[in-house]
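Asker: compute the structure for the input listed below.
(chains A and B)
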Amino acid sequence: MVKSLINNAKKENIILEVKQNKSSGALINITNGIKEKYEVSNTNFYNIKALIDNKTVNIRTSKIDDVQGIINEIKSTASLIEEKTENTLAKDIDINRVSSKKIEVDLKKVLEELLSLEKLKDKYKEISHLEIDFAYDYNEISIINETASLYDNNLIFSYGASIVVKKEDKTQSVYFNKVSKEHNFEELKEDLIKKIEDVINKIDAESIESSKYNIVLKNEAAFSILRNITSLFNAEKINKNLSCLSGKFNKQIFSDKITIIEDPSNDLYPGKRLFDDEGTKTYYKEIVKNGKFITKLYDNKEALKDKTVSTGNSFGVRNLYIKPGEKSFEDLVKACKNGAIIDRVEGLHSGLNTLTGEFSLQAQGYKIKDGKINEALNLIILTSNIFELFGNVKEVGNDLKFKSLVGASPSLLIENISISGSKGEIK
Amino acid sequence: MKKENFEIIINNLLKYDIDFAETYYEKTKLKSYEFEDSKLYNVITSFDEGIGIRCIKGDAASYAYSNEINSKSIEELISNLEKNYEKCTKSKEIKLKEEKIKSYKPLIPHDKFVKEELLEFFKKIDKYARSLSDKIVQVQLSLAEKNKKVKIANSESKYVKEDRNLTRLYITVVAKENDKTAKSYSSYASSGGYELLNTFNMEEVVKELAESAIKKLYPVSIKGGMLPVIIESGFGAVIFHEACGHAMEATTVSKNISVLSGRLGEKIASDKVNIVDDGTLDGFWGSTVVDDEGNKTKRNVLIENGILKGYLIDKIGSIRMNMETTGSSRRQDYTFMPTSRMNNTYLLKGSDKIEDMIKSIDYGVYAKEMGGGSVDPTTGDFNFATNEAYLIENGKIGSLIKSVSLIGNTLDILKNVEMVSDDLEYGVGMCGSDSGSVPVSLGQPTIKVSEILVGGDK
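Answerer: Below is the predicted model:
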């Protein structure tokens, strides 16, 4: 059907490229030991890129049987677009593919495993609510044009847990999620226990006095910030003055301890994609090396404008991470001496301005006294900007763990960052 | 999909031991026009058609969805659902009865608006913004038009269709001087068509945005801490959306994990707090005639004179809470099961004067424009960020400050609403939660909060 659409469009001088994304999966939700939700899904989308009169038209649709309707839509849209581009089409590429297999997930076994987690309540009496989500998604992507045909697939497991703990009249909660290439129940249980112990520690959390602190930004919190600034490296945003990295290419932007890598083709990480949405082969690249911004991220359109080639980032980024150092999280806490661990930040969609790099974020964590973890902190605000935050990094930890398709970060020891809290006087 | 097809699906499911079956079908067309660098550089067109089938037994649900609408695919969805239940010895059959409703009719429908006129409109805005100052280096405009046709049928014989139209315009103005960059944006949106473009004075709006973006180039830092804050009317109501709206949704209330669970009739806010969620407001961005379970939307009083009066309740919530549904069940699309959500949430007018609010503050913040926020409904801890805010010193508004987050806890903040003026205005946004991202309006008059934690980096 795709080929026939491409051939029919060609008769009207329209060159088409069709990306097909097929997805099927299931989700189970266990709430307090009861199977509360079960979902199955099956979706199919076509993203059609049409080249007509040196213009590019994009259409996303779940059906391609109405060929003439699609062609008419392309023509009427093209007449409005003012930007002329010589867009390129995907070429067949040599990819060393390790395909994920479409395996039958034994949902019965998974269900039994998830139900067994209810027993954690016997050990941790403070838990008043425990909700676990398990999902898998088998995804197949193909890109087809007149001369090329590319294919990739992925099987991803994702987990979520909502934990509520209570002590007397105090309540604390945490939501945790992660994705994984393989279903590993023991690892999930371990992660869950860590979160439970952490949220129990935070029941009595208090605020702090507003001041500048040395902080250990724990891996998950560091990644929360990192994942929200990945668009800054986008060449189009930089060229259009819409990134705070405009004018900063090839300059030192962060501490020399920071090297940011993107490695979408690496099958060891969950975000593996062998080619981007335009069919460009993905590859290992250093975006920031020892604090210097050395690679802008391109899709075909922007690459042509800058007379360069695409970096395979038309989909944004996958498997992006800060290169880990050698010190453990405990070493970083010791080296911090006095300050605070920040292990959770909230409100990134509104509290971080990608144009200026400034942010002000609700946070949680622990105090550090004499190199040791001390009392828990809640309802504090971390206020800084990305240049100060990643510029003041003194040490990078070794605790890099991939829990997202976008990437990961190790923990970071950072000096002199403002934290606001409700304790103390303000003048 | 015809009424008969829905009937077949539901009757097939009723052969199994379930309490409730429902099918939700939607067909959407979305077009989005994006303008940057003084030209229309992208038009995104998207078509989709999908179905979601839900079964409820007790308070547990199973759901199957697909965008492949053919008999084989639907049979597969049904068989996936059936696996979860025992076959009934006695099955019942229903006949659907169509409930006719009047969908909101756009005054200027999407397909009746000449798109060259939109291009002209964009160019006029771009030219005008750039003419105001050399510091304006970028103007981003986007307009999205969406038509969604929904059909909902359930085992209670309900069958209802709604034709929903949404239109949203974004205007962003970017200022730059030396190495400083700042932006201001405004968004207009309605459940309607292109009449939206006639609802505001373009020149006034663009001038205000350009001035605000230029002012933001050189903000001052403040030291964070507990401060009194005035929040200007309109989108500032995100404080109520986050601080109490989400905690009133049955999603958490019914599981007894909301900070507001079991508090009906309790005084949870200051006397001046009166909050309503109303899905019936004509043409509002968050309005629909029926909710995504096919029940008519309503005006739901949530807080009256500081007393908690109601929750937002969907089908599953109503089973768990043994209370009536409130027409508040929503979902982004067929890929989500519906759950209780807000529509248009607002704080009613008070009688305090804004001048008196400002005069009453020795050292605090005047938040002119707010960004979004988020909340943990279980603890009630929430945050929201300022987009444009000023320092108040000795009863006078002073310098523009850097964007900061304001954070607090539901139970404290609602009691700290000290003054409420009468200048009720509304803003629009997208709200993300369990059932995806849905359009919502938020409204409030200008308010004074006696104390809230403000972030700072001085």
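
Asker: A:Thr77 in helix, strand or coil?
Answerer: State at A:Thr77, reduced to three classes by DSSP: H, G, I helix; E, B strand; the rest coil: helix.

Asker: I'd say it and A:Val57 touch.
Answerer: Yes: using C-beta atoms under 8 Å, A:Thr77 is in contact with A:Val57, at 4.8 Å. Quick note: C-beta positions are derived from backbone N, CA and C, even for glycine.

Asker: quick one: pLDDT of the residue in chain B that chain A sits nearest to?
Answerer: Per C-beta to the nearest C-beta, B:Gly224 is where chain B lies closest to chain A, at 2.4 Å. The score at B:Gly224 is 89. That number is its pLDDT.

Asker: what distance do you get for it to B:Met370?
Answerer: Distance, B:Gly224 to B:Met370, by C-beta to C-beta, to the nearest Å: 17 Å.

Asker: likewise B:Asn147?
Answerer: With C-beta to C-beta as the criterion, B:Asn147 and B:Met370 are 30 Å apart.

Asker: tell me the secondary structure for whichever residue of the stretch 151-300 of chain A sits closest to chain B?
Answerer: At 4.0 Å from chain B, A:Ser173 is the closest residue in the stretch 151-300 of chain A, using C-beta to the nearest C-beta. Applying three-state DSSP to A:Ser173 yields a three-state assignment of strand.

Asker: in the sheet, who's paired with it?
Answerer: A:Ser173 forms beta bridges with A:Val164, as assigned by DSSP bridges.

Asker: count the residues that sit near residue 282.
Answerer: Defaulting to chain A. 26 (other C-beta atoms under 10 Å in any protein chain shown).

Asker: that's the other chain; I wanted chain B
Answerer: 9.

Asker: sorry, back to before: find residues that contact each of A:Thr77 and A:Val57.
Answerer: B:43, B:45 (C-beta atoms under 8 Å, 6 or more residues apart in numbering or on different chains).

Asker: can you get me a residue count around B:Leu141?
Answerer: Look at B:Leu141: counted by other C-beta under 10 Å, it has 21 neighbours.

Asker: just B:Lys100 next, same as before
Answerer: Per other C-beta under 10 Å, the neighbour tally for B:Lys100 reads 6.

Asker: what about it, which SS state?
Answerer: coil.

Asker: higher neighbour count, B:Gly224 and B:Met370?
Answerer: B:Gly224 (29 against 25).

Asker: list the contacts of that one.
Answerer: Contact partners of B:Gly224, counting by C-beta under 8 Å, 6+ apart, are A:210, A:381, A:383, A:418-421, A:426, B:404, B:453-458.

Asker: nearest residue to it in space, please, no chain neighbours.
Answerer: Sequence neighbours aside, A:Ser420 is the residue nearest to B:Gly224 in space, at 2.4 Å (criterion: C-beta to C-beta, 6 or more residues apart in numbering or on different chains).

Asker: show me the beta-bridge partners of that neighbour.
Answerer: Where A:Ser420 sits in a bridge, its partners, by DSSP bridges, are A:Ile381.

Asker: just the pLDDT at residue 36, thanks.
Answerer: By default, I'm working from chain A. Turning to A:Glu36, the model gives it a pLDDT of 91.

Asker: you answered for a different chain; I wanted chain B.
Answerer: For B:Glu36, pLDDT reads 93.

Asker: in the helix or strand containing A:Asn44, which residues are buried?
Answerer: Assigned by DSSP states H and E, A:Asn44 belongs to strand A:34-52. Buried residues in strand A:34-52, defined by neighbour count with 16 or more other C-beta atoms under 10 Å in any protein chain shown: A:36-52.

Asker: one more: stretch A:111-124?
Answerer: Those would be A:113-114, A:117-118, A:121, for stretch A:111-124 by 16+ other C-beta under 10 Å.

Asker: which residues sit against that stretch?
Answerer: Defining contact as C-beta under 8 Å, 6+ apart, one finds that stretch A:111-124 is touched by A:28, A:30, A:32-33, A:35, A:127, A:130, A:132, A:134, A:165, A:185, A:189, A:192-193, A:196-197, A:200.

Asker: chain center to it: distance?
Answerer: 29 Å (C-alpha atoms, centre = their mean, to the nearest Å).

Asker: what's near enough to touch the closest residue in space to A:Met1 that isn't next to it in sequence?
Answerer: Leaving aside its chain neighbours, A:Met1 sits nearest to A:Ile64 (5.9 Å; criterion: C-beta to C-beta, 6+ apart). Taking C-beta under 8 Å, 6+ apart as the criterion, A:Ile64 is in contact with A:1-2, A:5, A:18, A:46, A:48, A:70.

Asker: let's see 6 Å
Answerer: Contacts for A:Ile64 (C-beta atoms under 6 Å, 6 or more residues apart in numbering or on different chains) come out as A:1, A:5, A:46.

Asker: against B:Val259, how distant is the residue nearest to B:Gly224?
Answerer: Counting by C-beta to C-beta - A:Ser420 and B:Val259 are separated by 23 Å.
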